[in-house]
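Peer 1: 3D, please:
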Amino acid sequence: QMRLVESGGGMVQAGGSLRLSCVASGRPLDYYTIGWFRQVPGKEREGISCIKNFGGTTKYADSVKGRVTTSTDNAKNTVYLDMTNLEPEDTAVYYCAVRRNIYSDCTFSVSEFDYWGQGTQVTVSS
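Peer 2: Predicted structure coming up:
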């Protein structure tokens, strides 16, 4: 089992920046694939970034490419999502998630992720 806890959300003006954190417990993240997703009420959960924490390969959705960076700190068992130049359209609840099997590929498919955090709200005002 793995427990994930996100933090760092909040309210920010358009053009601002935020760093989201996701702390994992139960297992070390070293060999796992971690995704960041977001969801707006009434819409499907959207994958926006993914990192293979064994080599550092990353993948970003077109909607955020160039504005977000995901990274890990294995000593802290933590994954980060750095977001810049935020837009009102980025307003959502943001979730981190981990695939069950080690050495998994990156994907934005929600069903491929097994462990989820509770989410953290990001609100961007215009």
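
Peer 1: just the helices in this protein please.
Peer 2: Assigned by DSSP state H, the chain shows no helices.

Peer 1: now the most centrally placed residue in it: how far from S126?
Peer 2: Nearest residue to the geometric centre of the chain (CA atoms, centre = their mean): W36, 2.2 Å. Computed as CB to CB, to the nearest Å, the W36 to S126 distance reads 23 Å. (Each C-beta comes from the backbone N, C-alpha and C, glycine too.)

Peer 1: same check, this time on M2
Peer 2: For M2, the distance to S126 equals 37 Å [CB to CB].

Peer 1: the more surrounded of these two?
Peer 2: M2 (18 against 9; other CB atoms under 10 Å).

Peer 1: ok, R38 - contacts?
Peer 2: R45, E46, I48, D90, A92, V93, Y94, Y95, V122 (CB atoms under 8 Å, 6 or more residues apart in numbering).

Peer 1: of those, which is the most crowded?
Peer 2: Greatest neighbour count in the contacts of R38, by other CB under 10 Å, goes to I48: 25 neighbours.
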